[in-house]
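here is the input, now give the coordinates:
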Amino acid sequence: MKRIVLSALALAILAAPMAQAQAASTRSHEPRIEDQSGRPGASQGHSVRRKVEKHHRYERGQRFTNWKRYEARDWKRHGLRKPGHGQRWIRVGNDYMLITIASGIIAGVIAGR
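This is a model prediction of the structure:
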């Protein structure tokens, strides 16, 4: 009796994700509903999905143009070391990058402080 109950339970656990995946794939083919405000799905109380922004991943050795716009002059406050001669710290999003002034090459990256 234990084997039958345990096998049924295991089968139910394994089958549940497959059933959800199948349900999700059929929902994507439904037509979009718009009300008079022009927002898709607003008439049925659905939330509107927002576009996900892709964040660029900066790496050492890449060129970064227009760095003056992002210059971080308070590097001590953020716990960063003093930039060398001809270098500047910049902040893009939540990342700090050490940039060479003359060429715009990234000398170092510190992510998410």
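
quick one, domains of this structure?
2-44, 67-110 (automatic domain parsing).

would you point to the one among those domains that's packed deepest?
domain 67-110 (a mean of 14; mean count of other CB atoms under 10 Å). C-beta coordinates here come from the backbone N, C-alpha and C atoms, glycine included.

about what we covered before: pick out the shakiest of the domains of the chain, pLDDT-wise.
Mean pLDDT is lowest for domain 2-44 among the domains of the chain, at a mean of 65.

ok, which stretches of this protein are helices?
Secondary structure of the chain (DSSP state H): helices located at 2-27.

now the strands for the chain?
87-92, 95-100, 106-110 (DSSP state E).

of these, which approaches residue 11 most closely?
Closest to residue 11 of the strands of the chain, according to CB to CB: strand 95-100, at 47.0 Å.

packing partners for the closest one?
Applying 3 or more CB pairs under 8 Å, 6 or more residues apart in numbering; DSSP states H and E, we find strand 95-100 packed against strand 87-92, strand 106-110.

could you dump those to CSV with distance to residue 13?
Listed next are the helices and strands packed on strand 95-100 as CSV, based on distance: least, CB to CB, whole Å:
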stretch, distance to residue 13
strand 87-92, 44
strand 106-110, 43
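
ok, back up a step: which stretch among the strands of the chain comes nearest residue 75?
strand 87-92 (4.6 Å).

adding distance to residue 56, write the domains of the chain out as JSON lines.
JSON lines is the format used below for these (distance: least, CB to CB, whole Å):
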{"stretch": "domain 2-44", "distance to residue 56": "28"}
{"stretch": "domain 67-110", "distance to residue 56": "8"}
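
just to revisit the earlier point, I'd like the strands of the chain laid out as JSON lines, including distance to residue 16.
As requested, the strands of the chain are exported to JSON lines (distance: least, CB to CB, whole Å):
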{"stretch": "strand 87-92", "distance to residue 16": "42"}
{"stretch": "strand 95-100", "distance to residue 16": "39"}
{"stretch": "strand 106-110", "distance to residue 16": "42"}
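
picking up where we left off before, to residue 61, which of the domains of the chain lies closest?
Here domain 67-110 is closest among those (CB to CB), at 6.5 Å.

nothing else from me, thank you.
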